[in-house]
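Q: Sequence and predicted model, in that order:
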Amino acid sequence: MTQVPTVTLSDGATIPQLAFGTWQVPDAEVTPAVLHALQTGYRHIDTAAIYGNEAGVGRAIAQGGVRREELYVTTKLWNDVHAKADVRRGIESSLEKLGLDHVDLYLIHWPSTVKHGDAYIEAWDALQEFKAEGLATSIGVSNFHAHHLDAISGEVPVVNQVEVHPTFAQVPLRTLCAERGITVESWSPLGSGADLGNPELAAVASELGRSVAQVIIRWHLQHGLIVLPKSVTPARIEENFSVFDFELDADTMARIDALDAGNRVGADPDTATF
Ligand code: A2P
């Protein structure tokens, strides 16, 4: 079976670099998709309370026959339970739905400052307690700009999961995270599909005899990013995992780096109203 490379986080834990993303996969569809991913060899599953599919992910984990110690499971705290009185309900509900006594990585999903002000700062204090209690092995954040990272105190998050793909490369934020020992995880790594039609990426893919998705996933891996492609299509789930038998050379990496065009496809954390 293919061994997925791992990255060592700043707290010493190791994380598989390629994950199976489940955003926008309804609960009814997520169990067969995750089961197929586990059969293919994925060992890192990324979900979130707001995806509404933690129970289905939990069913796949229970049925999948992969030992818990070999699995890496990430979930995320939703924005409406940042306050001190509510935050514990967030992780308890996720663990119950997943059928787990701990997750490997627990993230604050969004700072949600427009709707909930500075409550994410309290939420970060709570995540540190959850880690101390063993409910989460590692803790991190998602969709944090530099100023959100500056506002929290105590432990430095091990991960910042943000939108990254070739036409939205987030170089300044990636550089800042690297300086602080924060590993960046790329959500919508294919641009939610938008980068798949890029002509330069199509040219690279055809030169290498690979698919555009595979080229993009290699670009993330070779930049040291944790990459979470999402698909409900069995052949694509396999295709996105078949990326460990080729490499992009430095010139090709530079060609893809040059595609950065500030093409954000998701919400900006500073203006998101949810
Ligand atoms: P589907 O789930 O219907 O297979 P991202 O991971 O950037 O959010 O992108 C997910 C989107 O890209 C989904 O619409 C998914 O479609 C599609 N997708 C995922 N993998 C591939 C692939 N290898 N080839 C083409 N489209 C893909």
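A: Great, that's in hand.

Q: What parts of the protein come near the ligand?
A: Neighbours of the ligand within the chain, by C-beta under 6 Å from any ligand atom: 21, 188-193, 196, 211, 213, 229-233, 236, 239-240. To be clear about C-beta, it is placed using only N, CA and C from the backbone, and glycine gets the same treatment.

Q: And the strands in the stretch 151-274 of the chain, which stretches?
A: Secondary structure of the stretch 151-274 of the chain (DSSP state E, counting those that start in this stretch): strands at 159-163, 183-187, 226-227.

Q: show me what contacts the residue lying farthest from the centre of the chain?
A: Relative to the mean C-alpha coordinate of the chain, counting by C-alpha atoms, centre = their mean, the farthest residue is Glu207 (29.0 Å). By C-beta atoms under 8 Å, 6 or more residues apart in numbering, no residues touch Glu207.

Q: distance of it from the ligand?
A: 18 Å (C-beta to the nearest ligand atom, to the nearest Å).

Q: looking at the strands of the stretch 151-274 of the chain, which is buried most?
A: strand 226-227 (a mean of 26; mean count of other C-beta atoms under 10 Å).

Q: tell me which strands and helices that one is in contact with?
A: Contacts defined by 3 or more C-beta pairs under 8 Å, 6 or more residues apart in numbering; DSSP states H and E place strand 226-227 against strand 183-187, helix 212-222.

Q: and of these, who's closest to Thr2?
A: helix 212-222 (12.7 Å; C-beta to C-beta).

Q: Which neighbouring elements make contact with the closest one?
A: helix 199-208, strand 226-227, helix 234-239, helix 250-257.

Q: Apply 7 Å and report the result again.
A: The contact analysis (3 or more C-beta pairs under 7 Å, 6 or more residues apart in numbering; DSSP states H and E) places helix 212-222 against helix 199-208, strand 226-227, helix 250-257.

Q: if you average pLDDT over the shortest one, what comes out?
A: So that's strand 226-227. Strand 226-227 comes out with an average pLDDT of 98.

Q: Tell me the gap between it and the middle of its chain.
A: 6 Å (C-alpha atoms, centre = their mean, to the nearest Å).

Q: Show residues contacting it.
A: Residues outside strand 226-227 that contact it (C-beta atoms under 7 Å, 6 or more residues apart in numbering): 7, 15, 17-19, 183, 185-186, 189, 217, 220-221.

Q: now do 6 Å
A: For strand 226-227, contacts defined as C-beta atoms under 6 Å, 6 or more residues apart in numbering pick out 17-18, 185-186, 189, 217, 220.

Q: could these be laid out in a markdown table, adding pLDDT?
A: Shown next, in a markdown table, are the contacts of strand 226-227 (pLDDT from 0 to 100):
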| residue | pLDDT |
| --- | --- |
| Gln17 | 98 |
| Leu18 | 98 |
| Glu185 | 99 |
| Ser186 | 98 |
| Pro189 | 98 |
| Ile217 | 98 |
| His220 | 98 |
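
Q: From Asp27, how far out is the residue in the stretch 51-200 of the chain that the ligand sits nearest to?
A: Per C-beta to the nearest ligand atom, Leu190 is where the stretch 51-200 of the chain lies closest to the ligand, at 3.4 Å. Per C-beta to C-beta, to the nearest Å, Leu190 is found 23 Å from Asp27.

Q: now Arg210
A: Arg210 is 33 Å from Asp27, by C-beta to C-beta.

Q: Which of these two has more residues huddled nearby?
A: Comparing Arg210 with Asp27 by other C-beta atoms under 10 Å, the one with more neighbours is Arg210, at 19 against 16.

Q: what about the closest residue to the more buried one other than its chain neighbours, distance to Ile217?
A: Excluding its sequence neighbours, the residue lying closest to Arg210 (C-beta to C-beta, 6 or more residues apart in numbering) is Phe246, at 6.5 Å. Applying C-beta to C-beta, the value for Phe246 to Ile217 is 11 Å.
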